[in-house]
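Here is a sequence together with a model predicted from it:
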Amino acid sequence: MASPQKMAATVRLATEADAAALIELRRKLFSETSFMLWEPAEFTQTAEQERARIARLNSQPNSLVLLAEQGTQAVGLLSAVGGERNRLRHAAALALGVARSHWGQGVATAMVREAVAWSARIGLKRLELTVHTSNLAAVSVYLRCGFQVEGVRRSSLFVEGAYVDEYLMSLLHG
């Protein structure tokens with residue numbers, strides 16, 4: 001029997017109405033991988049707080065929240081948080097998470113490409129992010145989308161009893 005074909009995920013701007021689904025997705029992400037910043041027990045954000053976060057970020061000219069869906073299921077989240085000070089407004093920091101069930105299906109690449117296109121469209125000079133040096137799949141996505149490694153943040157995280165290094169990566173427009 002042939003396995004059912006995976007339907008491609010769609011990427012769109014998250015809205016305040018997505019808050020509950022994003023809270024559920026974030027809880028899932030934090031529990032199924034140690035590559036995310038938050039530990040599961042630390043994440044206590046409510047749907048109302050998430051609604052406010054989405055509204056705040058999407059109202060800033062250099063920030064946004066993207067949602068990847070497969071059908072009606074939230075499977076990926078990307079936040080771009082732009083600098084608030086004048087000297088930082090040209091840049092945004094990305095945070096990305098994709099449900100383990102959708103790893104290797106192009107969801108992360110689609111979300112990062114959408115963020116890169118958005119940042120160019122609005123005139124940002126710089127996108128940046130950090131990623132565990134051992135997260136080779138994510139590093140590959142970022143390199144494929146035009147990011148470069150700027151350096152290593154040594155022992156920057158303490159994960160499951162061990163210190164972990166992160167790459168600082170960036171993409172510059174123009």
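Received the coordinates, thanks. Residues are numbered from 1 along each chain as shown.

what about this structure, any weak spots by pLDDT?
Low-confidence segments of the chain (pLDDT under 70): 1-7.

what's the helix or strand for the nearest residue to residue 96 once chain neighbours are set aside?
Nearest in space to residue 96, with sequence neighbours left out and distances taken as C-beta to C-beta, 6 or more residues apart in numbering, is residue 78 at 4.8 Å. (Each C-beta comes from the backbone N, C-alpha and C, glycine too.) Using DSSP states H and E, residue 78 sits within strand 73-82.

just residue 57 next, same as before
helix 47-59.

List the pairing partners of the next helix or strand after that helix within its sheet, with orientation.
Per DSSP H and E, the first helix or strand lying C-terminal to helix 47-59 is strand 64-70. Counting by DSSP bridges, the strands paired with strand 64-70 are strand 10-13 (antiparallel), strand 73-82 (antiparallel).

what about strand 64-70, distance to the chain center?
Here the centre of strand 64-70 is set off from its chain's centre by 9 Å, with C-alpha atoms, centre = their mean, to the nearest Å.

gap between the residue nearest to residue 96 and residue 114?
For residue 78, the distance to residue 114 (C-beta to C-beta, to the nearest Å) stands at 8 Å.

So for those two, which residue has more residues nearby?
Ranked by neighbour count (other C-beta atoms under 10 Å), residue 78 and residue 114 place residue 78 first, with 25 against 19.

was I right about that one contacting residue 115?
Yes. Using C-beta atoms under 8 Å, residue 78 and residue 115 qualify as a contacting pair, with a distance of 5.7 Å.

where do the contact lists of the two overlap?
Both residue 78 and residue 115 are in contact with 66, 94, where contact means C-beta atoms under 8 Å, 6 or more residues apart in numbering.
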